[in-house]
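Undergrad: sharing a model prediction with you, sequence too.
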Amino acid sequence: MNSTKPVAELTTAVGCLKGIGPKRKKDLERAGIRTIEDLLFHLPFRYEDRRTVRAISSLRAGERALFGGEVVSAEVQKTHRRRFSIFRAVIEDESGRMLAMWFNQPYLADTIKPGYKISLFGEVRASGFGGGILEAQNAHFEIGKDAEGEAGVVPVYEKVGSVPGRVIRHAVGDLLERYSLPLPTSVPPSVLERLGLLGSEEALRLIHAPPPDADVVKLNAWCHPAQNSLVFEEFFMLQAGLALRRRTAREETKGIAFGTSPQIRETLLKMLPFRLTEGQRQAFKEIVDDMTSAQPMRRLLQGDVGCGKTIVALLAAALAVENGYQAVLMVPTEILAEQHFASVRSHLSHTGYRTALLTGSLAGGEKERVRQGVAAGDVDLVVGTHALIQEGVEFRRLGLAIIDEQHRFGVLQRARLMEGGAEAEPDVLIMTATPIPRSLTLTVFGDLSLSIITDMPPGRQPVVTAARSERSRGRINSFLESQMKEGRQIYAVAPVIEESKSGELQTATELHERLQRTFPRRKVTLLHGRMKPAEREAAMKAFVGGEIDVLACTTVIEVGVDVPNATVMLIENADRFGLSQLHQLRGRVGRGEHRGYCILLYRPGRGENARHRLEIMVKTTDGFKIAEKDLELRGPGDFFGTRQSGMPTLRVGNIIRDAEVLQAARREAFKLIIEPGSGEADERRELIETVRSHWERRYGLVLIG
C-alpha cells in the first residue's frame, strides 16, 4: 500500500467519483452500485489486448486490433426513414486511411471532429462501400490521445443503465490512481502464504489495472491469480460462516441422545413393507448415528425420485416417538401434505402412534383441535405445511423435525421449526428429491451433514423418454389409448391453469377439455392447485384408486405423488420447464411393475436452447447429471425454479466456474473453525469475530444452526 496516497472511505457514495454525475449515479444505484466498495467489486467481464498498435495498412478483415490516427472527416448521415443514423469518420495515419462507423449515435459529432487525434479498438471488416476500404463498426475509442493512449491490457466493463463501460473504467482507474484502499483480507495470513494467494487490495488493483505483461488468456478464462484470490476469499468467508453454524450446533446447543433398545429395533422392523436397499440402509445408519448422539442432528437426505427417502424418514420419526418424543413432517404444498399423511397412517397403522394433519385450509375448529393435541403431547407425529410455523403451533416435546423439499421454505423458516423443543433442540432431517449438484449443496446446505441414496428399489425400470412435436398428436393419442386398454393410467401436465396473455401455452383447463373430446369413453379429471382441498383430495384418491384414466393437471403432482399404476407422463410445452422440474415429473411414472413413458411435447420453431434441454432429458435418466446441466443452463439462483432465501449472494465467485476453488475454500475454513488445534488461535478468533459481525449482511443469510 502506498502510504503517500490518501485512504479512500469505502462507504463513500459513488457519485463523488470523476465522471459520475447525478443521472449516472442513479443508474448505478439502481444496479446496486451505491458506494466506492460496490464499484470496486463491479469487475471487468473481459479484457482486450491493446499492447500492439497497428498501422492501418497492416490491418486485415476479421481481426480485432488497436489502431489510430487523425480524424480526416466526420459526418452524420440520415437514412431514408430518418429514424436511423450513421456517424461516419475517416481515420488516417502515416500508412493509409480507413472508415469508422457508429450507428444511431449522432451525438458523436460533438465528440469526434476533424483534426482530432483518436485511438480505436475493435473488429476490422471489409467495407460495404467497396473499393478495398476497411471499416470498423462501433469500435471503442479514445479522443485527445495518440494511439498509444489506450495501449496495454484494457479491462472491459458492462454498461450499467446510461453509464458506458468506459466511464466505469475511467472512474475506477482514477480511484486506484489517487487513493489507497482500506480493504482488509479476511483469509488468515498463514492460509494466504501457504496457498500463494494475494490480499484483497493487491488482487483488486491487478484485476482493474493489469500490468503490461499480464496474461490476457488467463484473465479472460477467469483463472488469473488475482481473480482466484478474490474468489477464494469470498468462498472462504461463506464457508467459515457455515462452519460456525455447524460448530455452534454441535458444541453450544443441547441435543437429544435417542436410545435404540431391542424392543425399538423390533418395532422399526415391523414397519418395513419391503427390504431396504443398500443406499437406504446406509442413510438410515447415518441418521441413527446422529440421533443417538448428544449433539443435534442437522442432516440432508438427498436422493433421486423414487429412491425411497420417505420410508427412511418415517423410520427416523418412529425412533423419536419410541423414545417418548414428538415428530413433525413439514412439506411445501397441501396436496403433498395430504398424500404424506395417508402414507404415514398406512405405514404406522399397527404401531398405535397418534397422527394428525395440519394445513392452512383446515376448518377453524379442526385446526384448533390439532394445535391443542400437539401442545398437550396427545399427537406423536404431525404432518403439515407452512401452517406448522404460522399458526402458533407449540409442541410439548418435539424430538425430530423432518422438512421435505426445504428449498421451498428458506433458512429462517427451518430455524423457526427448530425452536420447537422443550429441554433441547430437536434433530432436523431435510429431504429433497431434487438432485442437487455438489457445488450448490456446499453453499445452500453447507452447514448440514449429507446422506445420499444412489440406488433404486428392485424392479424399477428406467422411464422411456421421447421428445415429440405437436404434429405427432395423432400417434401420441393412439399410444395413450393403447396404454389405457391395458389398464394403465396417464398424467397430462400443462404449465399453467388459465389462459396466458400470449395465448401460447397450453392450459390445464384447455388440456382437460381437449382430452375429454379425444377420449370420450375414458374418465378424464382436472387437478390444479387452486381447487379446494376436498376437491383435490377426492381427485387424487380417485386416481390412486384407479377410477380415473387421465389426470389433466399442473405441476401440483411434481413432488411426492405415488401412483404405481400410472405409466405415462405427457408434458405439454415441455420446453418451458426447467430440466430438474421435468425430471421430477418424469419420476411420477414407472413406479410399479409396468414400464413408464415420458412424452415431452413441444411446438415447432423453439430455440436451440429449448431443443438442447429436451435432448438432455431423452439421453439420460440420471438425476445428478440432469441437475448439473440445469445448474449450468439456469444458474444457481434459479435452479430450484424460484429465487429463495437459502441462496447466498456472491459478488465475484461462480459456483459452476469456480467449483474447485469453492471446495478448497471449504476445506480450509472448516479445518480452521471446527478442528481443534488447527491454525493459530488468534487467527481463528479474529475470523470468528469477522463472521459474526459481517456475515449475515454480506451473504444475505442468517447465522442460525
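TA: Perfect, I can see it now. Given the structure is predicted, the values throughout are model-derived calculations rather than measurements.

Undergrad: who does the longest strand belonging to the chain touch, helix- and strand-wise?
TA: Longest strand in the chain, counting residues (DSSP state E): strand 64-78. Here strand 64-78 touches strand 85-93, strand 117-126, going by 3 or more Cβ pairs under 8 Å, 6 or more residues apart in numbering; DSSP states H and E. The way it works is simple: take the backbone N, C-alpha and C, and place the C-beta from them, glycine included.

Undergrad: paired strands for the first one, with orientation please.
TA: As defined by DSSP bridges, the strand partners of strand 85-93 come to strand 64-78 (antiparallel), strand 96-103 (antiparallel).

Undergrad: just to revisit the earlier point, could you tell me the least trusted of the helices and strands packed on strand 64-78?
TA: In terms of average pLDDT, strand 117-126 trails the rest of the helices and strands packed on strand 64-78, at a mean of 90.

Undergrad: which helices and strands sit right next to the helix or strand just after that strand?
TA: Note on strand 117-126: by DSSP states H and E, the next helix or strand toward the C-terminus is strand 134-137. Where contact means 3+ Cβ pairs under 8 Å, 6+ apart, strand 134-137 is packed against strand 96-103, strand 117-126.

Undergrad: rewinding a little: now the strands paired with strand 85-93 as a markdown table including mean pLDDT?
TA: Listed next are the strands paired with strand 85-93 as a markdown table, based on pLDDT from 0 to 100:
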| stretch | mean pLDDT |
| --- | --- |
| strand 64-78 | 90 |
| strand 96-103 | 92 |
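
Undergrad: so, low pLDDT: which residues of the stretch 601-705 of the chain?
TA: Applying pLDDT under 70 to the stretch 601-705 of the chain picks out residues 606-607, 635-647, 678-679, 701-705.

Undergrad: what about the helices in it?
TA: Counting by DSSP state H, counting those that start in this stretch, the stretch 601-705 of the chain has these helices, from start to end: 608-619, 623-634, 659-674, 681-699.

Undergrad: quote the end-to-end distance of stretch 293-300.
TA: 17 Å (Cα to Cα, to the nearest Å).

Undergrad: can you give me the offset of that stretch from its chain's centre?
TA: Distance, stretch centre to chain centre, for stretch 293-300: 26 Å (Cα atoms, centre = their mean, to the nearest Å).

Undergrad: still on that earlier bit, to Y699, which of the strands paired with strand 85-93 lies closest?
TA: Comparing the strands paired with strand 85-93 against Y699 with Cβ to Cβ, the closest turns out to be strand 64-78 (37.9 Å).

Undergrad: so H170 lies in a strand, does it not?
TA: No - H170 is assigned helix when assessed by DSSP: H, G, I helix; E, B strand; the rest coil, not a strand.

Undergrad: that one against K18, yeah?
TA: Yes - assessed by Cβ atoms under 8 Å, H170 is found in contact with K18 at 6.9 Å.

Undergrad: more neighbours: which of these two?
TA: Neighbour count, other Cβ atoms under 10 Å: between H170 and K18, H170 has more, with 16 against 11.

Undergrad: tally of neighbours for the residue lying closest to that one once chain neighbours are set aside?
TA: Once flanking residues are discounted, H170 sits nearest to G19: 5.7 Å by Cβ to Cβ, 6 or more residues apart in numbering. Other residues near G19 number 14, with proximity taken as other Cβ under 10 Å.

Undergrad: go on, H340?
TA: Residues near H340, counting by other Cβ under 10 Å: 22.

Undergrad: for the helix or strand hosting it, packing partners?
TA: Here H340, judged by DSSP H and E, is contained in helix 334-347. Applying 3+ Cβ pairs under 8 Å, 6+ apart, one finds that helix 334-347 makes contact with helix 309-322, strand 355-358, strand 381-384, helix 533-544.
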